[in-house]
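Enquirer: take a look and give me a structure for this.
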Amino acid sequence: MSQPTRTGDAALNQISEDERRLAALGYKQELNRSWSGFSNFAISFSVISILSGCFTTFSQAWNNGGPIAISIGWPIIAVFILFIGLSMAELASAYPTSGGIYWWASKLGGAKAGFYTGWLNFIGLLAITASVVYGVATFLNIVLGTYFPGYASGFLSGDNIHQQFFWFLIVMIIITILNCFSSQVQAMMNNVSVWWHVFGAALVIGILIIAPKEHQSLKWIFTRQINNSGFSNGNVYWLYVLPLGFLLTQYTITGFDASAHMSEETQGAHVTAAKGIWQSIFYSAIGGYILLLAFLSAATKPEIVNSVDAAVNPYGRGSVIPILENALSPFLFKIVLLISTGGQLFCGIACLTSCSRMMFAFSRDGAIPGHKYWAKINKRHVPVNAILASAVIGILITLPALWKSPGGIPTAFYAVVSIGVVGLYMAFIIPIWLRWREGNRFDVGEWNLGKHYKWMNLLAMIEIVVICIYFILPFEPDAVPGNKDFSWLAVNYAPILVGFTLLFLWVWWHLSVKKWFKGPIKQLN
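Expert: Just a heads-up that it's a prediction; the model follows:
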């Protein structure tokens with residue numbers, strides 16, 4: 001009989017140590033712990049996805065601030081997001097469980113803190129998943145129209161909005177099916193996703209450096225201001241419009257809590273999950289910045305990008321697509337679109353994985369109606385019911401995307417984006433504040449910030465408060481109550497949905513939840 005190899009023994013010992021750590025938190029090993037540290041990093045890197053956020057929300061920065069919202073805004077905001085990630089990494093090391101953020105808040109602040117954190121995190125993940133999948137559908141629609149000239153006029157009578165929603169449904173079904181495969185398959189897809197993003201982004205950057213006949217100057221890239229928001233310039237531009245453009249950065253570099261949610265499926269999660277969080281932010285911030293600068297350098301015809309004439313710019317004001325189309329040959333243009341769409345698809349898969357694991361963990365502790373169904377796992381140790389429920393809810397909250405605002409801005413898409421950002425970051429701030437309050441009493445894990453937590457936690461919380469205020473505000477004048485051109489189709493419904501959700505949770509907590517919800521339920525004593 002052959003003897004186990006040293007590598008095999010080490011793996012078995014590591015898994016046993018992981019199970020002991022999980023048991024100390026009160027849970028038995030139900031999910032399949034087959035992910036490596038690289039796979040854990042890969043899911044957050046895939047959820048962040050510079051091939052998704054940098055392409056789909058580029059117009060938010062272009063229209064609200066212009067090139068400086070990207071060239072100057074991106075690195076500044078990215079540093080603050082890194083502080084948030086480092087703060088969360090320390091918590092992930094101390095508490096490596098799929099409940100992640102919700103579990104941290106419950107441990108440090110009690111059942112009530114955990115309840116609100118869990119729901120905000122869940123809502124944010126649902127919205128992020130929905131927005132990413134809608135972005136995939138938007139780009140897929142463009143790709144089909146590019147490769148098949150008769151497509152736009154022949155499918156759904158050329159109705160762009162309904163075309164995109166149709167593909168949104170199709171893509172959501174595809175990623176749902178893919179998520180139902182085993183944990184090993186999920187890890188493999190995320191590993192492939194990393195290299196798709198690395199080599200894909202590098203290829204796009206190389207193409208944009210070499211292929212265009214001319215490039216914008218550095219002065220233009222770092223000083224040019226654009227305001228297509230409809231709001232006035234002057235102080236309003238600096239204090240209101242430009243910060244709205246930072247949604248590009250804040251949305252792109254989010255979802256890194258995925259590494260924490262996959263803790264129970266990762267080997268050595270008390271260290272690897274912590275590293276997965278901050279490293280995914282760091283490398284995405286660098287890669288995304290270079291990619292965005294490449295976009296700006298190729299934007300030699302800004303008048304076309306700014307145009308609202310569909311005959312001149314059929315892709316929407318501020319979109320990155322006309323930059324690519326006018327800077328590249330038809331062949332290279334198609335290649336770039338395919339690379340981006342593929343990356344977005346990988347991102348959508350990873351988002352649904354993260355969301356379903358959060359729903360599974362939160363349901364395991366009885367916090368979601370119908371929790372017995374969502375906490376079930378199949379024979380492959382996959383929470384299929386949670387995956388299906390997450391996908392269906394994502395579709396429902398995106399239904400307003402079937403209508404477009406009078407100003408031509410895809411307000412519903414940006415509203416879903418805002419819900420995702422606000423929901424996630426509001427969830428992030430609660431355990432960060434609780435850890436900051438805990439001070440030296442906090443029992444740190446193997447990976448920790450030392451004394452640096454004091455200022456990092458504080459800066460992280462300040463940034464979250466500021467962005468949560470800005471991203472629930474109107475994106476265009478038509479959404480401002482009292483405006484003569486006010487339209488409900490233009491309204492950013494993020495504050496409405498988040499506000500009603502918080503009100504509902506508050507009422508539900510006081511009337512019912514506080515009587516029976518005690519936070520994480522220990523499976524083991």
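Enquirer: which residues of the stretch 301-450 of the chain score low on pLDDT?
Expert: 404-412, 414 (pLDDT under 70).
Enquirer: show me where it has its helices.
Expert: 302-305, 321-327, 330-364, 371-374, 384-397, 411-438 (DSSP state H, counting those that start in this stretch).
Enquirer: dump the ones you listed to JSON lines, plus mean neighbour count and distance to P314.
Expert: C-betas here are computed from N, CA, C, even on glycine. Formatted as JSON lines, those follow (neighbours: other C-beta atoms under 10 Å; distance: least, C-beta to C-beta, whole Å):
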{"stretch": "helix 302-305", "mean neighbour count": "17", "distance to P314": "11"}
{"stretch": "helix 321-327", "mean neighbour count": "22", "distance to P314": "8"}
{"stretch": "helix 330-364", "mean neighbour count": "24", "distance to P314": "14"}
{"stretch": "helix 371-374", "mean neighbour count": "16", "distance to P314": "42"}
{"stretch": "helix 384-397", "mean neighbour count": "20", "distance to P314": "26"}
{"stretch": "helix 411-438", "mean neighbour count": "25", "distance to P314": "17"}
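Enquirer: list just the one of those helices that sits closest to I467.
Expert: helix 411-438 (6.4 Å; C-beta to C-beta).
Enquirer: quick check: buried residues in whichever helix or strand comes after that closest one?
Expert: As assigned by DSSP states H and E, the chain's next helix or strand after helix 411-438 is helix 453-470. Buried residues in helix 453-470, counted by 16 or more other C-beta atoms under 10 Å: Y453, M456, N457, A460, M461, E463, I464, I467, C468, Y470.
Enquirer: can you pull the contacts of the closest residue to the first one other than its chain neighbours?
Expert: Counting by C-beta to C-beta, 6 or more residues apart in numbering, E90 is the residue found nearest to Y453 once chain neighbours are left out, at 6.4 Å. Under the criterion of C-beta atoms under 8 Å, 6 or more residues apart in numbering, the neighbours of E90 are A274, R435, V444, G445, W447, N448, L449, Y453.
Enquirer: what's the closest of the residues you listed to H371?
Expert: Distances from H371 to these, taken by C-beta to C-beta, are shortest for R435, at 27.1 Å.
Enquirer: is that closest one in contact with S87, as I believe?
Expert: Yes - in terms of C-beta atoms under 8 Å, R435 counts as a neighbour of S87; the distance is 7.1 Å.
Enquirer: can you check which residues contact both of those two?
Expert: Joint contacts of R435 and S87 (C-beta under 8 Å, 6+ apart) are Y453, N457.
Enquirer: can you give me the strands for the protein?
Expert: 64-65, 226-227 (DSSP state E).
Enquirer: which elements pack onto the first one?
Expert: Counting contacts by 3 or more C-beta pairs under 8 Å, 6 or more residues apart in numbering; DSSP states H and E, strand 64-65 packs against strand 226-227, helix 242-245.
Enquirer: strand partners of the first one, parallel vs antiparallel please.
Expert: Within its sheet, and counting by DSSP bridges, strand 226-227 is paired with strand 64-65 (antiparallel).
Enquirer: name the residues that touch the strand it pairs with?
Expert: Contacts for strand 64-65 (C-beta under 8 Å, 6+ apart): 73, 225-229, 237, 241-242, 244-247, 475.
Enquirer: cutoff 6 Å now
Expert: Under the criterion C-beta atoms under 6 Å, 6 or more residues apart in numbering, residues S229, V241, L242, L244, G245 lie in contact with strand 64-65.
Enquirer: could you dump those residues into JSON lines and include neighbour count?
Expert: JSON lines is the format used below for the contacts of strand 64-65 (neighbours: other C-beta atoms under 10 Å):
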{"residue": "S229", "neighbour count": "25"}
{"residue": "V241", "neighbour count": "25"}
{"residue": "L242", "neighbour count": "21"}
{"residue": "L244", "neighbour count": "25"}
{"residue": "G245", "neighbour count": "28"}
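Enquirer: the residues you listed: which two are farthest apart?
Expert: The span of those, defined through C-beta to C-beta, is set by S229 and L242 at 9.6 Å.
Enquirer: before we move on, back to that, out of the contacts of strand 64-65, who's nearest T57?
Expert: G245 (9.7 Å).
Enquirer: contacts only, for that closest one.
Expert: Contacts of G245 (C-beta under 6 Å, 6+ apart): A61, N64, G65, A69.
Enquirer: out of these, which are buried?
Expert: If we count by 16+ other C-beta under 10 Å, the contacts of G245 have these buried: A61, N64, G65, A69.
Enquirer: separation between the last one and V241?
Expert: So that's A69. 9 Å (C-beta to C-beta, to the nearest Å).
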